[in-house]
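Engineer: Prediction below, plus the sequence it came from.
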Amino acid sequence: MNAQLIDRSTAESYATWFKALSDPTRVQILNLLALAQEAMSVGEIVEKVGVGQSTVSHHLKLLADVRFVFRERRGTSILYSINVACVACFPSAADAVMGRPSAARDVD
């Protein structure tokens, strides 16, 4: 076996990513933002995913904390968009956990 054990810091980062994706509503929100042509408000997201505003806001905070989404203030609104660079690293994290040697190990 040529794969190296993931260092603790990287493992902790990956664990927060997996935890952020452990809720189906957060997965739906990420999917919605990935498909969106432009940043979306909480109200627009609520309308599409069919859960309450406070629930969506909570999920968006968790997704922003792990850098899966960007927050941008425009006037009195906060708009959310997908962080393509961060989300693109997720498959590499899964590969690394599975010991696949081609997996990227860089985590910001």
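Structural biologist: Sure, I can see it.

Engineer: Run a quick neighbour tally on R26.
Structural biologist: Other residues lying near R26 total 22 when counted by other Cβ atoms under 10 Å. All C-beta spots, glycine's among them, are computed from the backbone N, C-alpha and C.

Engineer: my read: it touches H58, true?
Structural biologist: No - here R26 lies out of contact with H58, judged by Cβ atoms under 8 Å, at a distance of 9.6 Å.

Engineer: Go ahead and list the helix or strand containing the closest residue to V49 other than its chain neighbours.
Structural biologist: Closest residue to V49 in three dimensions, ignoring its sequence neighbours and counting by Cβ to Cβ, 6 or more residues apart in numbering: Q28, at 5.1 Å. Take DSSP states H and E as the rule and Q28 turns out to sit in helix 24-35.

Engineer: Can you give the contact residues for the helix or strand following that helix?
Structural biologist: Beyond helix 24-35 in the direction of the C-terminus, DSSP H and E gives the next helix or strand as strand 40-41. Strand 40-41 is touched from outside by 32-33, 77-81, with contacts defined as Cβ atoms under 8 Å, 6 or more residues apart in numbering.

Engineer: Who does strand 40-41 pair with, and is each partner parallel or antiparallel?
Structural biologist: For strand 40-41, the pairing partners within the sheet under DSSP bridges are strand 77-82 (antiparallel).
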